[in-house]
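# Any chance you can model this:
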Amino acid sequence: MAAGGVDPLRVHHFALEVTGVDECIFRECSGLEMEIQVVEDYQMDAKGKMVLKKLPGPIKYSNIILRRGVTDSMKLTEWFQKAKDGKMGEARKNGSVVAYAPDATEVARWNFTNGWICKLKGPTMHAGQNEMSVEECEITHEELIRAT
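Residues are numbered from 1 along each chain as shown. Presented below is the predicted three-dimensional model:
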């Protein structure tokens, strides 16, 4: 048991929930990161000495990167195509990355705002090898909130 009496979550797979993109199960997820940028400000104290104050600045969000085995679904490619064609009104979507336990119980959820696919990476293929082909989807967004 972890400190505070709560065990770490056991995550088996991730799902991407976005309107119009409803069949995306992933085995790996990264980039669920939020960072408050630090603004450094030099000020004079009461004795006239310069002191460094560190203040909160803008919040920075990393791109979400999802990896899965290649499927015959074209949903991610169609979503990417909207941004490629400059149809940003259609490309920007709110959505969630949902983590599931081995028994398919939802254990965590991160909601993102105004996300769109900025990168799709097809698989590296090797003839004669018996490995799963993996594709990668990178979603940029404007906000990320841990909901559960």
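
# Just give me the longest helix of the protein.
Longest helix of the chain, by residue count under DSSP state H: helix 75-84.

# residues of whatever helix or strand comes next after it that come out buried?
For helix 75-84, the following helix or strand on the C-terminal side (DSSP states H and E) is helix 88-91. Across helix 88-91, burial judged by 16 or more other C-beta atoms under 10 Å covers Ala91. No exception for glycine: its C-beta is placed from N, CA and C like everyone else's.

# elements contacting helix 88-91?
If you count contacts as 3 or more C-beta pairs under 8 Å, 6 or more residues apart in numbering; DSSP states H and E, helix 88-91 packs onto helix 75-84, strand 106-121.

# ok now the longest one, how far from the chain's centre?
For strand 106-121, the gap between its own C-alpha mean and the chain's C-alpha mean amounts to 5 Å (C-alpha atoms, centre = their mean, to the nearest Å).

# want to throw the helices and strands packed on helix 88-91 into a markdown table with mean neighbour count, distance to Asp41 and mean pLDDT?
Formatted as a markdown table, the helices and strands packed on helix 88-91 follow (neighbours: other C-beta atoms under 10 Å; distance: least, C-beta to C-beta, whole Å; pLDDT from 0 to 100):
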| stretch | mean neighbour count | distance to Asp41 | mean pLDDT |
| --- | --- | --- | --- |
| helix 75-84 | 17 | 37 | 96 |
| strand 106-121 | 17 | 29 | 96 |
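
# And for this structure, the residue most distant from the center?
Lys47 (47.1 Å; C-alpha atoms, centre = their mean).

# just checking, next helix/strand downstream of the least confident helix or strand in the chain by mean pLDDT?
Using mean pLDDT, DSSP states H and E, the weakest-scoring helix or strand in the chain turns out to be strand 21-26, at a mean of 80. As assigned by DSSP H and E, the chain's next helix or strand after strand 21-26 is strand 28-30.
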